[in-house]
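S.K.: fold the following and give me the result.
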Amino acid sequence: MANADGTERGTRARVARLILEHGPINAAALGERLGLTPAAVRRHLDTLLAEGMIEPRAARPRGQRGRGRPAKLFVITDRGRGAFVHAYDGLAGGALRFLAERAGENAVADFARAQMSGLVGRLAPALRDVPADERVRVLAEALTADGYAASSSEAKSGGEQLCQHHCPVAHVAAEFPQLCEAETEAFGRLLGTPVQRLATIAHGDGVCTTHVSPPALSAQRNVQRQTRRDPTVATPGDPGVTVATSQNAIETSKETGR
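M.R.: Alright, predicted model coming up:
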């Protein structure tokens, strides 16, 4: 019986991990990925719901109406996320509060940037040799190795999305948004193109989502800067200069992990 109980707990942990990394996700997708029957998936979901580890979320309509109710999606809760190692949250939060009280909020921002400079210094050499259209994927893989359960995908309205399904410092970042801001700045430096944070786990969203503008937008802005300094430089309207505009994509792209 003990072995059976252990197997059940292990499978349930795999269900929770999959929801953490790929949520919002429905029961059918969970069963397919884990090789479980619908009844087995439902049993584990019911237990995780009862324990407050996950919560249901209504699926967004996709434009086509099907018969019956839409499939229910599941996302991890703060309690569930907390089960996946929030190491030293209390200590880190206390240290940052002490720093803010003694040296001010700007000192917290400086600390956050200093922390992210380590990430930039570690990953920049590897990303430098990666083609621009592959950098988001490579960055997602590196973040996953650091415990962020990250993924990359094309944004429907243009550009790409970098999604982090887990944040080891989410509770601290909820109190100190400078951590998220410094991370976003670091992503822009590593990818060499404008980025914009659309959602964060620290603010109650299910996934940290960053919109990454097409590399062409960065090229456009460089041309514009050069044009201000040297009017003879070709502008985006000139023949032979291809520009991808993504401002609308940044403002309208609100996907969170799908």
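
S.K.: what packs against the lengthiest helix in the chain?
M.R.: The longest helix of the chain (DSSP state H) is helix 105-128. Helix 105-128 sits against helix 89-103, helix 135-145, helix 178-191, with contacts defined as 3 or more Cβ pairs under 8 Å, 6 or more residues apart in numbering; DSSP states H and E. Yep, even glycine has a C-beta here, placed from its N, CA and C like the rest.

S.K.: centre of the chain to it, how far?
M.R.: 17 Å (Cα atoms, centre = their mean, to the nearest Å).

S.K.: now do that helix, average pLDDT.
M.R.: Helix 105-128 carries an average pLDDT of 93.

S.K.: now do it: everything it contacts.
M.R.: Residues outside helix 105-128 that contact it (Cβ atoms under 8 Å, 6 or more residues apart in numbering) are 96, 99-100, 135, 138-139, 142, 176, 178-179, 181-183, 185-186, 189-191.

S.K.: show me what contacts Thr11?
M.R.: Here Thr11 is in contact with 34, 36, 40, 44 (Cβ under 8 Å, 6+ apart).

S.K.: can you pick the most crowded of the residues you listed?
M.R.: His44 (23 neighbours; other Cβ atoms under 10 Å).

S.K.: just checking the distance from the helix or strand that it is a member of to the centre of its chain.
M.R.: Assigned by DSSP states H and E, His44 falls within helix 38-50. Distance of helix 38-50 from its chain centroid, counting by Cα atoms, centre = their mean, is 26 Å.

S.K.: who are the packing partners of that helix?
M.R.: So helix 38-50, by 3+ Cβ pairs under 8 Å, 6+ apart, packs with helix 2-22, helix 27-34, strand 54-57.

S.K.: just say which of these is most tucked in.
M.R.: Most buried of these by mean neighbour count (mean count of other Cβ atoms under 10 Å) is strand 54-57; its value is a mean of 18.

S.K.: alpha carbons of that one, as CSV, please.
M.R.: Presented in CSV, the C-alpha positions along strand 54-57 are these (Å, rounded to 0.1, in the frame of the first residue of the first chain):
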residue,chain,number,x,y,z
ILE,A,54,-4.1,24.5,-8.7
GLU,A,55,-7.1,26.5,-9.8
PRO,A,56,-9.5,26.3,-12.8
ARG,A,57,-9.6,29.0,-15.4
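
S.K.: so what touches it?
M.R.: 16, 19, 23-24, 45, 48-49, 72-77, 80, 206.

S.K.: which of the residues you listed ranks first by neighbour count?
M.R.: That'd be Ile76 among these, by other Cβ under 10 Å, with 27 neighbours.

S.K.: any idea what that one is bridged to?
M.R.: Beta-bridge pairing for Ile76 (DSSP bridges): Ile54.

S.K.: what sits up against stretch 16-29?
M.R.: Contacts for stretch 16-29 (Cβ under 8 Å, 6+ apart): 30, 33-34, 38, 41-42, 45, 48, 53-54, 57, 59, 71-76, 80-81, 83-84, 149, 151, 165-166, 206-207, 256-258.

S.K.: repeat the analysis, applying 6 Å as the threshold.
M.R.: 30, 41, 48, 53-54, 57, 71, 73-76, 80, 149, 165-166 (Cβ atoms under 6 Å, 6 or more residues apart in numbering).

S.K.: before we move on, what about stretch 170-189?
M.R.: Against stretch 170-189 from outside (Cβ under 6 Å, 6+ apart): 89, 92-93, 96, 108-109, 112-113, 116, 119-120, 195, 197, 200-202, 210.

S.K.: what comes up buried for it?
M.R.: 170-174, 176-189 (16 or more other Cβ atoms under 10 Å).

S.K.: now the end-to-end length of that stretch.
M.R.: Chord length of stretch 170-189, first to last residue, is 22 Å (Cα to Cα, to the nearest Å).
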